[in-house]
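Enquirer: predicted model, plus sequence, below.
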Amino acid sequence: MTMRVLTNILTGAAGALLVLSCCAKTEAPVINDAITLSSPDGQLTASVGISPKGEPCYKLERAGVEVVKPSRLGFGLVKGTNSVEEDMVIKNNRRGLRYSGESDLCSGFSIIGSQTASLDETWQPVWGEERDIRNNYNELLVLLGREDGVKMNVRLRLYDDGLGFRYEFPQDNKLRYFNVAEELTEFAMNGDHTAWWISGDYDTQEFNYSCTRLSGIRERSESMRLANASTTGFSPTGVQTALQMKTDDGLYINLHEAAVVNYPTANLDLDDKAMVFHIHLTPDAEGVGARLQAPCTSPWRTVMVVDDARKVLSSRLILNLNEPCAIKDVSWIHPVKYMGVWWEMISGRSEWSYTYDVPSVQLGVTDYKTLKPHGKHGANNDNVRAYIDFAAANGFDALLIEGWNEGWEDWFGCQKDYVFDFVTPYPDFDLPALNKYAHSKGIRLVMHHETSSSTVNYERHMEAAYSLMNRYGYDAVKSGYVGNIIPYGEHHYSQALINHYLYALEQAAEHHIMVNAHEAVRPTGLCRTWPNLIGNESAMGTEYRAHINPGHTSILPFTRLQGGPMDYTPGIFEQDMSITAPGQTGKMRHTIANQLGLYVTFYSPLQMAADLPCNYERFPDAFQFIKDVAVDWEKSIYIEAEPGEYIITARKPRLETLNKAAEGVAALSDGKKDMLSGAARFVYALPEGATAKNLKGAKARDVWYVGGVCGENAHECEIALDFLTPGLRYEATLYADAPEADYESAPQAYTISRCELSAADTVKVKMARGGGFALSLRSL
């Protein structure tokens, strides 16, 4: 038998260095007595069976060709922590936790029964890339049992575009309480595929993507790991999901997970000799993967398989594998187009903190009123009012303000438990007055809860923090988890943190608060169940500025965005940081037209115009597209796509969501019951002073937006407008890279052209290196 041995050195919970070893089988299993399941269109076939050693195994084929070769299923358990312990031979897993042969859930099984089912339904998301989502699959439940009374079932759902499977442990089971050392799920690839990947980590996804063969991961992995506030790698061949691959035959394979609840995030560890991926769970502070109690289920393991890159973008596999909406009344959840007192801090133009007078802060003890302000505090009354005025004048719904609350002087890198109380503003931030002023202008303020990764502190203060938001009319919060996690030794992606993020989301829903979580776990479709999760970061976003590689934004929709929308914070018109913030350095590698295209190619119901107002005032004609573009959609069409190269998308706005933000603000304002949101006014080109009544007349106007972005290489495209309504003429405005545009030499060179077009026409566009385009189409 071929064995693979991997040795890592990690810091254990008690601070000692542990040498961990992992032995994983790479000899391909043989599946006996397989039960098969076909996709609704018959293209995909999944098979589940038992090897001669009693190992549960599966494989996946497309049109008779193996996509996933026979691969093992199961778990290794921590010895001494499960209800079916016997005297057995002890082995070591990759964390150094002992687990043992027959009590592990990887052999000795037989199939004791099976059940089949199918579903073809259409459901409507609260917000999304389309109004209707089809959920069509065939299902197979395989009942597995052992002579010792252990039962473990595997449920498979096979769609036309991929497979989802999960483990289920029934109540009637000898196995009741058990700790998982490692999940032993395998994905045996049938070749050395091209892959777009980031290095495996327990704490961050904020890396640039690499594009290599699978065999090239080991060589490139360490060099792609940028410095981060919290990062923990585990293997030179470890990668994170969603992992996008392409075979030499042109198939697109995507490995991911769905519905991660009460379970750690999974990485993938590659045996690069056998080309077999192994699930690797994020450990907790004691090195345990998952602590489970039957009845329970694992997250879904997913394998998307399609023959066109555009089908990856249109797939709703991850969303469909999540549970339906758990919130009965969703009337308070709405899309948000916002600005923020944020980029000026990120760029170094101003600061989150208030004073330099004290080297450390103790909340409730430090008296800020007696301290001298340093004069660079961004979240001050005058500055915030100026932002409110600009946002209101330009049709935005909301304004994020960071650095408003006491504690920022020593918030980072100190591993403080009591770092913020989330309710006490700095002396120069008048919270009641600023909210009242914002509401009078039709703007809501977006709360900011940076936790500094002290989750225990956040949970202690969560009720008071959310209640404060309710009192002053906040309906959305941006939460942050910068730095190493407290409780000490936990990771951003361990089971305890997964439970924390969901707890925060559930508590927010009780207070009718929408959540945009930064530095939290990357999403796995939970926004279907909890649609108040309107945004996540969980990837390298705009804040990394000059470190972002060209092409990054043409990879993320294939990877990170598969699990849910991203608050990427686009719209940066000034690429030179020394102009935005004198004394700073670095130039971002994109054109202005690229930034406009992102508002269409990146789906998020929460979209930010992230640059400074003064930079938008320099380019008012290009800024018009950001003012005009919608953020929630009736229909989406993916016109061209190739990971890392280009994405071109067309979207039709979803009318009924356009004015929901304004309706909420109207309830807080003095009798403005017919308030029209700026977003609705600009999307439908209604005149200034228009009201909600005018929106009803806009229904007859057909509106579409088309956006494109590309990577390191320029790209020319010819877009057929056959998605438009036949017989109508459209006013078209095209924002494109100028002929001389280039992300290095001429990033601010763009052209704007206008004409009339119809469904019979085509539009030719050339995107520069690091460039893009945006096109608005309104029927006449």
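Expert: Noted; the coordinates are in hand.
Enquirer: can you get me a residue count around V48?
Expert: For V48, the number of neighbouring residues by other C-beta atoms under 10 Å comes to 24. C-beta coordinates here come from the backbone N, C-alpha and C atoms, glycine included.
Enquirer: I figured it hits D33, correct?
Expert: No - look at V48 against D33 with C-beta atoms under 8 Å: they stay out of range, at 9.8 Å.
Enquirer: so M469 makes contact with H512?
Expert: No - counting by C-beta under 8 Å, M469 stays clear of H512, with 9.3 Å between them.
Enquirer: pass me the low-pLDDT residue ranges in the protein, would you?
Expert: For the chain, applying pLDDT under 70 flags the ranges 1-26, 81-103, 669-673, 697-700.
Enquirer: which SSE is immediately downstream of the longest helix along it?
Expert: Counting residues, the longest helix found in the chain (DSSP state H) is helix 455-472. As assigned by DSSP states H and E, the chain's next helix or strand after helix 455-472 is strand 476-480.
Enquirer: partners of that following strand in the sheet?
Expert: Strand pairing for strand 476-480, using DSSP bridges, gives strand 444-450 (parallel), strand 514-518 (parallel).
Enquirer: any common contacting residues for M469 and H512?
Expert: D475 (C-beta atoms under 8 Å, 6 or more residues apart in numbering).
Enquirer: same drill for the two, tell me which one is more crowded.
Expert: M469 (24 against 18).
Enquirer: so what's the more buried one up against?
Expert: M469 is in contact with 447, 475, 477, 511, 513, counting by C-beta under 8 Å, 6+ apart.
Enquirer: wait, which of those is closest to T601?
Expert: Set against T601, the nearest of those by C-beta to C-beta is V477 (26.4 Å).
Enquirer: what's the nearest residue to that closest one if we skip its chain neighbours?
Expert: Closest residue in space to V477, ignoring its immediate chain neighbours: M447 at 4.2 Å, by C-beta to C-beta, 6 or more residues apart in numbering.
Enquirer: residue contacts, that neighbour?
Expert: M447 touches 465, 469, 474, 476-478, counting by C-beta under 8 Å, 6+ apart.
Enquirer: would you confirm that L243 contacts A195?
Expert: Yes - between L243 and A195 there is a contact at 6.4 Å, judged by C-beta under 8 Å.
Enquirer: what does stretch 711-725 contact?
Expert: 549-552, 554, 637, 639-640, 644-646, 648, 650, 702, 704, 706, 708, 730, 757-771, 775, 777, 779.
Enquirer: quick check: chain neighbours aside, which residue is closest to N320?
Expert: Leaving aside its chain neighbours, N320 sits nearest to N135 (4.5 Å; criterion: C-beta to C-beta, 6+ apart).
Enquirer: can I assume the one you found sits in a helix?
Expert: No - secondary structure assignment (DSSP: H, G, I helix; E, B strand; the rest coil) places N135 in strand, not in a helix.
Enquirer: tell me which residues touch it, please.
Expert: So N135 contacts 119-123, 316, 320 (C-beta under 8 Å, 6+ apart).
Enquirer: go through those residues and flag which are in helices.
Expert: Short answer: those in helices (DSSP H) are N320.
Enquirer: which of the contacts of N135 fall in strands?
Expert: Taking DSSP state E, the ones among the contacts of N135 that sit in strands are 119-123.
Enquirer: next up, identify which helix or strand Q607 is on.
Expert: strand 606-608.
Enquirer: report the strands that pair with that strand, each with its relative direction.
Expert: Strand 606-608 is paired, per DSSP bridges, with strand 336-341 (parallel).
Enquirer: ok, then the element right after the partner strand?
Expert: Note on strand 336-341: by DSSP H and E, the next helix or strand toward the C-terminus is helix 343-346.
Enquirer: what comes up buried for the following helix or strand past that following helix?
Expert: Per DSSP H and E, the first helix or strand lying C-terminal to helix 343-346 is helix 381-393. For helix 381-393, the neighbour count (16 or more other C-beta atoms under 10 Å) marks 383-385, 387-388, 390-392 as buried.
Enquirer: tell me how many other residues crowd A227.
Expert: For A227, using other C-beta under 10 Å, the count is 7.
Enquirer: return the member of the contacts of M447 nearest to V303.
Expert: K478 (33.3 Å).
Enquirer: for the closest one, give its distance to H518.
Expert: 6 Å (C-beta to C-beta, to the nearest Å).
Enquirer: ok, the two, which is more surrounded?
Expert: Applying other C-beta under 10 Å to K478 and H518 shows that K478 carries more neighbours, namely 25 against 19.
Enquirer: okay, the closest residue to the more buried one other than its chain neighbours and L105: tell me how far apart.
Expert: Spatial nearest neighbour of K478, excluding adjacent residues (C-beta to C-beta, 6+ apart): N516 at 4.6 Å. Noted for N516: a distance of 38 Å to L105, by C-beta to C-beta.
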